Structure formats: structure tokens, C-alpha cells
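Chemist: Predicted coordinates and the sequence they were generated for:
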Amino acid sequence: MSKVLRAVLLVFMMSGVAVADERIVDRPDWGRYFSDFDATGTLVIVDERESPPRILVFNRDRSVRRYSPASTFKVPHTLFALDAGAVEDEFQMFKWDGVKRSYAGHNEDQNLRSAMRNSTLWVYQGFARHIGEDRARRYLRDAKYGNGDASTSRGDYWIDGNLRISAIEQTAFLRRLYRNSLPFKVEHQRLVKDLMIRQATSDWILRAKTGWEGSYGWWIGWVESLKGPVFFAMNMDTPRRLEDLPKREQIVRAVLGSMRLLETE
């Protein structure tokens, strides 16, 4: 068994998910979707429409490599904030401090829903101050989130600091959230899942979150339907910075479309 395969299996075993070796399938053919968008990255998809689930991976080596979660961390961070009392519910308002930021959506009062939708950094910086490093480290450990390191010498620990997580670990975390099996109140997990909704039809719901560190970006989430959930986590290099950001979602949607997901008809 290769070192990378052992790492993949270990992540899911630590998450309480039993996985047979033969259910992990490399998908080198997905490289064409990355090539179509002139992108370099990895994509992990866990298809639970079958039993046992299939774990489909493009670029297995990169799928176990840890990166800063950037704004994908708003998913667990919201759970931490709710548990710590940094925010009461989705209706609580946070007053804009008047500092003009580059994205107009950040320059206004926020609640949890808008902060998640707009990736409003200053709201979550406030949560981090309320929570503190010691409690954040405990939350990270209990949630089995990445390397669990909430330390930083500059900036925010989930962007510029030492927190790291792999694409494989992202999907394992999302699977626990889907089942309300994280060590947080069920009502808080349900609220976070509601905040993640990006698109919905009568047949399926897409829940997702983007992230961008500057040199690389993320798109994580899942599609749920009566047939079962399909989880995904992708990260890719962003050498052209803002110009590259739409590719995260475009690549994943292309792959999911090839799997007959996110169909509107």
C-alpha cells in the first residue's frame, strides 16, 4: 500500500468512516477539466449514493497535502462562535466599523448569513478574539479539524497562520457535519448547514463554501438528494489571483455535471 493511500485511509478511519481500499478510485481523466481552465489542483469527491461510498480522487498526492483553509474555515468557525457565545443566532447584527474595504459587501452591517455569503473577514476576526487561541485549539482538536494549530505569528491563523487541512480531511469533516455528528449542538450544526445553501431545486440542494489564501483557493461542500449526498473538496493554485477564482466552482461543476449532478431538468 502506498504512503498516500495509507494517509487517505487514516483520515477516514480517524473520522469513524470505514473505507475499503478498492473504493478509493483515482480519476486521472478529471485532469481534462483542470486543463480546460488552465488550472493545477486536486479534487476529492465522496459519492454516498452507493453503498459502500466511493471516494474519487484527482491528484491523490495533492489531496493529502495540507493548506490553509482560508474562508472555508468559516464553516467550523461559525460552530465555534455559536458554542462560545460570540454570536447568538443568524439574526444578530454586527455593526460595520466604518473602515472601507476592497469588497463593497464588507462595508455594511452584517449578520451570520451575510457574513458567510460575503466571506466577511472582520466579523470572524471578532469571533476569533472572543474565542481566544486556547479555546480555538480545543475546538479544533475536538472537531478533528486538520492539524488543529490555532497559532500565528502574523494575521489570522486560518489564513496566514499555522492552521492547515487537506482536501481529504475537508470531505471527512463535511461528512460529520452532514450527519450532525460533530461535538457541537445539533441545532448549531443545522444552522451552519442552512447558512451554506448556495442553490436548491425540487430535486437537490447544494451547500458550499469558497476560500482563498492568495496563492491558492478552495471550493468545498456537498450536493444532497433523495439518492444520498455527494461531498466535494477542491483546491487549486491561483497564479492570476482574482482572474482564477471563478475556476474553482467551474471545474467542480463540470465534474459534478459529468456525474449527472446539479442537473436542472
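Modeler: Yep, that arrived. Remember, it's a predicted structure, so these values are computed and weren't measured experimentally.

Chemist: What is the end-to-end distance of stretch 89-101?
Modeler: Terminal residues of stretch 89-101 lie 25 Å apart, using Cα to Cα, to the nearest Å.

Chemist: Phe80 reaches Tyr139, doesn't it?
Modeler: Yes - the criterion here is Cβ atoms under 8 Å, and Phe80 meets it with Tyr139 at 4.6 Å. C-beta coordinates here come from the backbone N, C-alpha and C atoms, glycine included.

Chemist: With neighbour numbers in mind, choose between these two.
Modeler: Per other Cβ atoms under 10 Å, whichever of Phe80 and Tyr139 has more neighbours is Phe80, with 26 against 23.

Chemist: So that one: helix, strand or coil?
Modeler: Secondary structure, DSSP: H, G, I helix; E, B strand; the rest coil: Phe80 is helix.

Chemist: tell me, what's touching Phe80 and Tyr139 both at once?
Modeler: Here Phe80 and Tyr139 share the contacting residues Ile131, scored by Cβ atoms under 8 Å, 6 or more residues apart in numbering.

Chemist: Contacts for the helix ranked longest in the chain next, please.
Modeler: Counting residues, the longest helix found in the chain (DSSP state H) is helix 245-258. Identification of contacts with helix 245-258 by Cβ under 8 Å, 6+ apart yields 30, 33-34, 36-37, 39, 41, 43, 45, 208, 210, 212, 217-219, 223, 230, 232, 234, 236, 238, 262-263.

Chemist: Counting neighbours, what do you get for Gly257?
Modeler: So Gly257, with other Cβ under 10 Å, has 12 neighbours.

Chemist: same question, the one 3 residues further on
Modeler: For Arg260, the neighbour count with other Cβ under 10 Å is 8.

Chemist: just for this protein, where's the confidence low?
Modeler: 1-22, 264-265 (pLDDT under 70).

Chemist: How about the residue in it that sits furthest from its center?
Modeler: Centroid-distance maximum for the chain: Gly98 at 29.4 Å, with Cα atoms, centre = their mean.

Chemist: Where do the helices of this structure begin and end?
Modeler: Ranges of helices in the chain, per DSSP H, are 3-14, 31-36, 60-63, 74-84, 112-118, 121-131, 133-142, 167-178, 186-195, 245-258.

Chemist: Can you lay out the ones you listed as JSON lines showing distance to His106?
Modeler: JSON lines is the format used below for the helices of the chain (distance: least, Cβ to Cβ, whole Å):
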{"stretch": "helix 3-14", "distance to His106": "34"}
{"stretch": "helix 31-36", "distance to His106": "30"}
{"stretch": "helix 60-63", "distance to His106": "31"}
{"stretch": "helix 74-84", "distance to His106": "13"}
{"stretch": "helix 112-118", "distance to His106": "6"}
{"stretch": "helix 121-131", "distance to His106": "7"}
{"stretch": "helix 133-142", "distance to His106": "22"}
{"stretch": "helix 167-178", "distance to His106": "25"}
{"stretch": "helix 186-195", "distance to His106": "17"}
{"stretch": "helix 245-258", "distance to His106": "16"}
